[in-house]
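Participant: Build me a model from this:
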Amino acid sequence: MDNLTLSVDVFDDVRDGQDISDFNLSTDELLSILSMYDPYGIWRLDLESGLVQWSKDVFEIHGMKYEEGPVNLKQAIDAYHPEDAAVLGQLIEETIAKQSGFRFVLRLKTKSGGYKLVKSSGKFRINSEGKPQLVGTFSQFAPAIRSIATSE
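Facilitator: Numbering: from 1, shown residues only. From the prediction side, this is the model:
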């Protein structure tokens with residue numbers, strides 16, 4: 001994994017979201033579809049407290065047991081390869097300063113002492129209470145391969 005190319009993008013202009021109202025999907029149903037076969041989580045970073053909230057699948061991808069409540073941002077960043085942790089810290093700072101969005105593919109530590117690739121995208125927002133946050137998605141990165149899966 002040492003010969004990997006780092007992939008990090010910061011966007012000043014985040015794409016507008018899609019209007020999926022005609023599909024009549026709840027947020028829970030959409031997340032359930034996204035995570036039917038592979039863990040696919042969501043996260044939120046409260047910029048005032050520095051605490052991160054993770055959905056169940058983000059814990060799974062990190063190799064951690066799910067717990068309700070916040071995760072410490074320093075702990076979350078320390079879970080990455082040291083080179084990638086530095087990049088991630090800068091990425092968060094830049095995203096906050098520009099009130100923009102980002103995406104990355106970085107190396108996350110595994111319990112066996114190795115690393116696996118994870119990907120995330122996120123954006124700055126002001127929540128309904130007027131507080132600044134970063135919110136986004138999180139999944140394990142899988143190289144493009146031809147595969148088929150069905151459920152019963």
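Participant: buried stuff in stretch 53-70?
Facilitator: The neighbour-count check on stretch 53-70 (16 or more other C-beta atoms under 10 Å) flags 53, 54, 55, 57, 58, 59, 60, 61, 62, 70 as buried. Bear in mind the C-beta positions are built from the backbone N, C-alpha and C, glycine included.
Participant: Can you name the residues bridging to the second one?
Facilitator: In this entry, residue 54 is beta-bridged to residue 43, by DSSP bridges.
Participant: now it: how far from residue 81?
Facilitator: 19 Å (C-beta to C-beta, to the nearest Å).
Participant: same thing with the fourth one?
Facilitator: The gap separating residue 57 from residue 81 is 21 Å, by C-beta to C-beta.
Participant: What of the fifth one?
Facilitator: With distances defined as C-beta to C-beta, the gap from residue 58 to residue 81 amounts to 18 Å.
Participant: How about residue 109?
Facilitator: Distance from residue 109 to residue 81, by C-beta to C-beta: 7 Å.
Participant: Quick one: list the elements packing against the helix ranked longest in the chain.
Facilitator: When the chain is parsed with DSSP state H, its longest helix is helix 82-98. Helices and strands touching helix 82-98, by 3 or more C-beta pairs under 8 Å, 6 or more residues apart in numbering; DSSP states H and E, are strand 7-11, helix 73-78, strand 101-109, strand 115-126, strand 132-140.
Participant: again, only this time at 6 Å
Facilitator: strand 7-11, helix 73-78, strand 101-109 (3 or more C-beta pairs under 6 Å, 6 or more residues apart in numbering; DSSP states H and E).
Participant: which of the residues in that helix are buried?
Facilitator: Within helix 82-98, the residues that count as buried by 16+ other C-beta under 10 Å are 84, 85, 87, 88, 91, 92, 95.
Participant: Including distance to residue 119, could these go into TSV?
Facilitator: Converted to TSV, the buried residues of helix 82-98 look like this (distance: C-beta to C-beta, whole Å):
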residue	distance to residue 119
84	12
85	16
87	14
88	12
91	13
92	16
95	16
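Participant: Which of those residues lies at the shortest distance from residue 19?
Facilitator: Nearest to residue 19 among the buried residues of helix 82-98: residue 95, at 24.6 Å, using C-beta to C-beta.
Participant: Alright, that wraps it up for me.
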